[in-house]
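A.B. asks: Sequence and computational prediction follow.
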Amino acid sequence: MKSFIFLFTILFSMTSFAQNTILPLWPNNIPNSIKTDEKEEVVSADIVRIVKVQLPQIEVYLPAKKIATGQAVLIFPGGGYGILAYDWEGMDFAKLLNSKGIAGIVVKYRLPSLKSQTEIHKVPLQDAQRAIRTVRSKAAEWNIDPNNIGIIGFSAGGHLASTLGTHYNEEVNAKQDAIDQMSARPDFMTLAYPVITMGAPNTHGGSRKNLLGENPSQKMVDHFSNELQVTADTPPTFLVHATDDTAVPVENSLLFYTALIKHKVAAEMHIYPTGGHGFALGLQDPHLATWTDQWIGWLHSLNN
């Protein structure tokens with residue numbers, strides 16, 4: 001019996017240390033939220049897909065303190081503003097970052113839904129701003145430098161990341177508490193095969209429709225075409241894309257890179273000849289797989 005209790009204690013201790021911190025973004029009132037019978041769904045097949053997100057949250061992966069650099073990256077999975085590719089473009093990257101001494105925080109953000117929300121075009125940005133503010137509020141507790149917190153977004157998650165990087169000062173909801181008083185500006189950002197523009201001919205039709213509706217005004221299209229929103233205060237940016245991407249044309253990254261250079265914002269871009277769309281870690285191709293080494297090197301360079 002004593003042996004069983006000892007073994008149970010050890011296993012419980014190991015499990016406790018292995019668990020990640022999960023925090024709701026809005027512990028009180030979720031802005032632009034309507035109570036409906038819509039239910040969040042998690043579909044686990046080849047990858048984990050989350051749809052109809054009802055309770056936005058962050059899932060925090062912290063590195064061992066011995067190797068921690070103090071740097072943190074919030075991760076916005078893609079999915080056309082219709083799903084979240086939660087492990088493929090989320091948890092897998094948090095674990096990679098941890099191995100390099102960097103905190104990885106996966107953001108489960110709300111997807112635009114006419115059934116569950118009002119002003120659906122504001123909802124992802126509300127969650128993104130709140131996510132980075134929440135991480136800043138926990139910086140001391142999580143051994144993170146509050147001035148070294150960045151973001152990465154994939155595909156439509158890249159659009160959300162670039163929106164946060166260019167609209168971080170935009171007031172999209174009433175301030176609820178002290179967290180909402182904190183800065184929402186990322187210190188750096190990474191955009192992987194991102195949707196950038198909402199304009200023809202290079203936009204991703206599904207992302208545009210889900211975020212802005214069937215027939216958005218030109219003013220709305222321009223507002224969320226983030227190549228038009230770059231300023232000298234836009235954070236330093238790393239971009240990666242594949243030339244043969246037929247879902248989100250490589251021109252999206254090129255447009256954003258050009259805008260960054262115009263405004264003298266530090267930028268690094270890697271364009272691979274093949275890889276298609278949604279390649280994530282790129283492990284299916286030895287050459288493409290080198291992109292994460294380039295990215296981690298860039299992240300470490302920001303510490304110098």
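C.D. replies: Thanks, I have the structure now.
A.B. asks: Can you give the contact residues for stretch 203-216?
C.D. replies: With contacts defined as Cβ atoms under 8 Å, 6 or more residues apart in numbering, stretch 203-216 is touched by 80-82, 111-112, 120-121, 124, 155-156, 159, 195, 197-198, 220-221, 224-225, 247-248, 252. For glycine as for every other residue, the C-beta is placed from the backbone atoms N, C-alpha and C.
A.B. asks: which of these count as buried?
C.D. replies: 80-82, 111-112, 120-121, 124, 155-156, 159, 195, 197-198, 220-221, 224-225, 248, 252 (16 or more other Cβ atoms under 10 Å).
A.B. asks: Could you tell me which of the residues you listed are located in helices?
C.D. replies: Pro124, Ala156, His159, Met220, Val221, Asn252 (DSSP state H).
A.B. asks: and the residue nearest to the fifth one when sequence neighbours are not counted, what pLDDT?
C.D. replies: Meaning Val221. Nearest non-adjacent residue to Val221, counting by Cβ to Cβ, 6 or more residues apart in numbering: Met198, 4.6 Å away. Confidence at Met198, expressed as pLDDT, is 96.
A.B. asks: residues contacting Met198?
C.D. replies: Met198 touches Arg208, Leu211, Leu212, Pro216, Met220, Val221, Asp222, Phe224, Ser225, counting by Cβ under 8 Å, 6+ apart.
A.B. asks: Kindly reformat those residues as CSV and extend each row with distance to Ile58 and pLDDT.
C.D. replies: Formatted as CSV, these follow (distance: Cβ to Cβ, whole Å; pLDDT from 0 to 100):
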residue, distance to Ile58, pLDDT
Arg208, 26, 93
Leu211, 21, 96
Leu212, 26, 95
Pro216, 29, 95
Met220, 28, 96
Val221, 30, 97
Asp222, 30, 97
Phe224, 23, 97
Ser225, 27, 98
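A.B. asks: now for the residues you listed, which pair is the farthest apart?
C.D. replies: Leu211 and Asp222 (13.7 Å; Cβ to Cβ).
A.B. asks: where are the low-confidence patches of the stretch 1-150 of the chain?
C.D. replies: Low-confidence segments of the stretch 1-150 of the chain, defined by pLDDT under 70: 1-19.
A.B. asks: Tell me which stretches of it form strands.
C.D. replies: Secondary structure of the stretch 1-150 of the chain (DSSP state E, counting those that start in this stretch): strands at 21-24, 41-44, 48-51, 57-61, 72-76, 84-85, 103-108, 149-154.
A.B. asks: still on that earlier bit, looking at Leu211 and Asp222, which is more packed in?
C.D. replies: Neighbour count, other Cβ atoms under 10 Å: between Leu211 and Asp222, Leu211 has more, with 27 against 14.
A.B. asks: Quick check: phi and psi on the more buried one?
C.D. replies: For Leu211, the backbone dihedrals are phi -80, psi -40 (criterion: degrees, to the nearest 10).
A.B. asks: which one is it nearest to, not counting chain neighbours?
C.D. replies: In space, Leu211 is closest to Tyr81, 5.0 Å off (Cβ to Cβ, 6+ apart).
A.B. asks: cool, and Lys108?
C.D. replies: Using Cβ to Cβ, 6+ apart, the closest residue to Lys108 is Gln57 (5.1 Å).
A.B. asks: count of residues packed around the one you found?
C.D. replies: Neighbours of Gln57 (other Cβ under 10 Å): 18.
A.B. asks: what residues are up against it?
C.D. replies: Ile22, Leu23, Pro24, Leu25, Lys108.
A.B. asks: Going by neighbour count, which of the residues you listed comes out on top?
C.D. replies: Counting by other Cβ under 10 Å, top hit in the contacts of Gln57: Lys108 with 24 neighbours.
A.B. asks: Might one say that that one is in contact with Tyr86?
C.D. replies: Yes. In this structure, Lys108 is within contact of Tyr86 by Cβ atoms under 8 Å, at 7.1 Å.
A.B. asks: Which neighbours do those two have in common?
C.D. replies: With Cβ under 8 Å, 6+ apart, Lys108 and Tyr86 have common neighbours Ile50.
A.B. asks: what ranges do the strands span in the stretch 201-304 of the chain?
C.D. replies: 237-242, 267-272.
A.B. asks: sorry, back to before: could I get the contacts of Met198 in JSON lines, plus columns for distance to Thr243?
C.D. replies: Output for those, formatted as JSON lines (distance: Cβ to Cβ, whole Å):
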{"residue": "Arg208", "distance to Thr243": "22"}
{"residue": "Leu211", "distance to Thr243": "26"}
{"residue": "Leu212", "distance to Thr243": "27"}
{"residue": "Pro216", "distance to Thr243": "29"}
{"residue": "Met220", "distance to Thr243": "30"}
{"residue": "Val221", "distance to Thr243": "25"}
{"residue": "Asp222", "distance to Thr243": "27"}
{"residue": "Phe224", "distance to Thr243": "25"}
{"residue": "Ser225", "distance to Thr243": "22"}
